[in-house]
Each structure stands twice: as structure tokens, then as C-alpha cells.
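> I would like to see how this sequence folds:
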Amino acid sequence: MNLFGADPIPLHTIQDVEQSIPNIILWAAPAMFLFVLIEYLIAYSQSRKYYEKKETIGSILVGLGNVTIGVLIKTLLLYVFIVIYNLIPWRMEFYWWTFVPCYIIFDFCSYWAHNVSHRLRFFWATHVAHHSGEHYNLTVSFRLSWVQYIKMIFFLPVAFIGFHPIIIFITNQIAVLFQFWVHTEYIRKMPRFIEYIFATPSNHRVHHGCQEKYINKNYGATFIIWDRIFKTYQPEEEQAVYGITHNIDHKHDPVHINFHEYADMIRDVRTATSLREKLFFIFGNPSSIARFKAERNAVHAKGAKKRKAREDSLRSPSS
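Sure, this is the predicted structure:
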């Protein structure tokens, strides 16, 4: 059995290749919505505020939009991966067992895509939709940005290693499905060896927490071991507070959920006083940008207060 040296995939067969990719997420969708309903009913019966009407509507609409966009650009993405597959001489044959190494490498790339998405505003804008929910429940897994596909660049190494495009597409779907179950308050701590290796609800609640010690922690999608290796791991020590620094107003509006950060970015760039500042507002660390804006606003407020005091003194009658 030869692993490498597979024949190229003729581009004119792309439709046949696409049709041969199982639509695992579509198959799983009924079960996912069933679990959402069960979780909601349990929370309702226990009077737990795990769901909020407008936010839940927003999560579902964001998810439906993401799936629609994924369907529309699936052929384009497949084309890119087939072109890469055909370019390299070490193409792997289509063997099901190659899914295992593909998944591990894919998850490693996912860790870095996720890490960068929290550290560069340009990519944070493609991810903030997922974190803008103030309640933690299974529908949060639906909040995947409509523009997240630009992060495909982080997964190109998987293609250049030589995995078959169908294996890559299957891997991506299973990785997305894995993320579904970790978005819940009802599963607390798992057995220690599972918590040590895998992303779990406990580990991922930390990632969604906006407390200082929880920020920029636990990026692992399936394997939390990457966080342990790269020193970004944080255990769950207290109940997480969910949301972002400045929570959004239109919680049910999928367009606002997806693009409010871009609107803020454009406003910041317009107020920038130099090219360096403009680039900082686009590519800077979101936390650093927030601190910079807070300090700038404080300076402006102090200046305005001084000007008002000076104007008041000029208007007051002389003694």
C-alpha cells in the first residue's frame, strides 16, 4: 500500500468530488436542534437564565447565515485545495485512516488561527461574533462569523502536507461538530485525563469568560493540550462572566452581530492622526487598542473640562 504519489484530481471533476463529500453537519443538524430544545426546557424548568430570547434568535440567524455562505463558497474552497493537492508531488491517497493525523494537524492549525484571532484586531473582527453572547448555551456554537472563511489561510499547511481534499473537508466538519457540545453550563467537570487532553465545557467556559485571568486562554478546539504546551491554559476556578468588553445592543440582529466590530474599526481609522495609528487600529491587539482609546478619551475629557472652566471664568463678571 503506497501512501504518497496519488494521481492529481482533474479540475473538471470538481463537481463529482464535491458531491462525494458527506454533509455531516446537515445530517447532525436535527440532533443539534433537539439538544438545544432539551437544554432550553431543562433551564426553563429550573428557572436558570441560560437563554435570552433576542440573543438566541441572533445566534440561530448567525448560524443559518454562516451555513448558507459555506454552501455558496464550498466549490471555491474545494477548488483551492484541489489546486494545492495537484501542485505537490507527495499527494496522499484517499485512505480513511489518514483522517487521524489530518485531524490532529488541523486542530493544531486551529489553535493558532484562534490564538491570532484574539491578538490581532483584523482577525478578531472575524471572531467577535462568537464571543458577543452574554449567555452560555448550545446555541453559542452557532455564532460563527460570516467572514470567518478568510482564516482559511491558517489551514493551508494541512493541504500542503498532502492530505486528500475530501479528508480535509470531512475533518473540518467533525471539528465544527465537536465544538457544539462544549458550549453548555450543564456539563461541569469531566474525568481528569479528559480535562487534561481535550477541550471540555469547563475549559471552554474559561475561554468565553471576560474576567482578566480568563482572557486569551484555552484556545484549543478539540485538544486543550496545545494550550498546556504554549502556556495559554487556565483551569476553571470561578464562574465565568460572558460577553465582550463593550456588549452589543442589537442582540437579535445577525448583521450587527457580524459587522459591528468592522464599523468600530472604520470609525477608529477615521479618527487616527497618522498612518501608524491607522494600522494600529486595524492590526493592533484588541486589548491594547481598548486601553489606547480609553486613555485618549480621558485626555480629551480632561482637556474639555479645562476649556469649559476657562470659558466659564471668562464669562464670569470681574470683581
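> how about the helices in the stretch 51-200 of the chain?
Ranges of helices in the stretch 51-200 of the chain, per DSSP state H, counting those that start in this stretch, are 53-87, 99-119, 121-124, 128-131, 156-161, 165-181, 192-197.
> Of these, which stretch is the most buried?
Mean neighbours per residue, mean count of other CB atoms under 10 Å, is largest over those for helix 128-131, with a mean of 23. All C-beta atoms are positioned from the backbone trio N, CA, C, and that covers glycine.
> Tell me the buried residues in whichever strand or helix holds Lys306?
Assessed by DSSP states H and E, Lys306 sits inside helix 286-315. Across helix 286-315, burial judged by 16 or more other CB atoms under 10 Å covers Pro286, Ile289, Phe292.
> Look up how far Ala125 lies from the second one.
Translated: Ile289. Distance of Ile289 to Ala125, given as CB to CB, to the nearest Å: 11 Å.
> just the last one next, same as before
Distance from Phe292 to Ala125, counting by CB to CB: 17 Å.
> burial of Gly209, as a residue count?
Gly209: 23 surrounding residues under other CB atoms under 10 Å.
> For it, give the beta-bridge partners.
Beta-bridge partners recorded for Gly209 (DSSP bridges): Tyr242.
> what sits against it?
Ile215, Ala240, Val241, Tyr242 (CB atoms under 8 Å, 6 or more residues apart in numbering).
> same thing but 10 Å
Going by CB atoms under 10 Å, 6 or more residues apart in numbering, Gly209 touches 136, 215, 217-218, 234, 236-243.
> Met152 now?
Ile73, Leu76, Leu77, Val80, Phe81, Ala113, Ala159, Asn172.
> between these, which is nearest Ile229?
Closest approach between the contacts of Met152 and Ile229, by CB to CB: Ala113, at 16.2 Å.
> okay, now Ile187: neighbour count?
With other CB under 10 Å as criterion, Ile187 counts 13.
> hang on, it packs against Ala199?
No: using CB atoms under 10 Å, Ile187 is not in contact with Ala199, being 12.0 Å away.
> what do the two both touch?
Residues touching both Ile187 and Ala199 (CB under 10 Å, 6+ apart): Trp181.
> ok, back up a step: figure out which of the helices of the stretch 51-200 of the chain is closest to Glu311.
Comparing these by CB to CB, helix 121-124 comes nearest, at 37.3 Å.
> Dump the closest one to PDB, restricted to CA.
C-alpha atoms of helix 121-124 as PDB (Å, rounded to 0.1, in the frame of the first residue of the first chain):
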ATOM      1  CA  ARG A 121      -8.000  43.100  15.600                       C
ATOM      2  CA  PHE A 122      -8.200  42.300  11.800                       C
ATOM      3  CA  PHE A 123      -8.900  38.700  12.700                       C
ATOM      4  CA  TRP A 124     -10.700  39.500  16.000                       C
END
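> Quick check, pLDDT for the most centrally placed residue in the chain.
Nearest to the mean C-alpha position of the chain, counting by CA atoms, centre = their mean, stands His127 at 4.0 Å. Model confidence at His127, given as pLDDT, is 98.
> Ok, the one 5 residues further on next?
Listed pLDDT for Ser132 reads 96.
> For the remainder of this discussion, apply numbering that starts at 538.
OK, 538 is where the count begins now, so the last one is Ser669.
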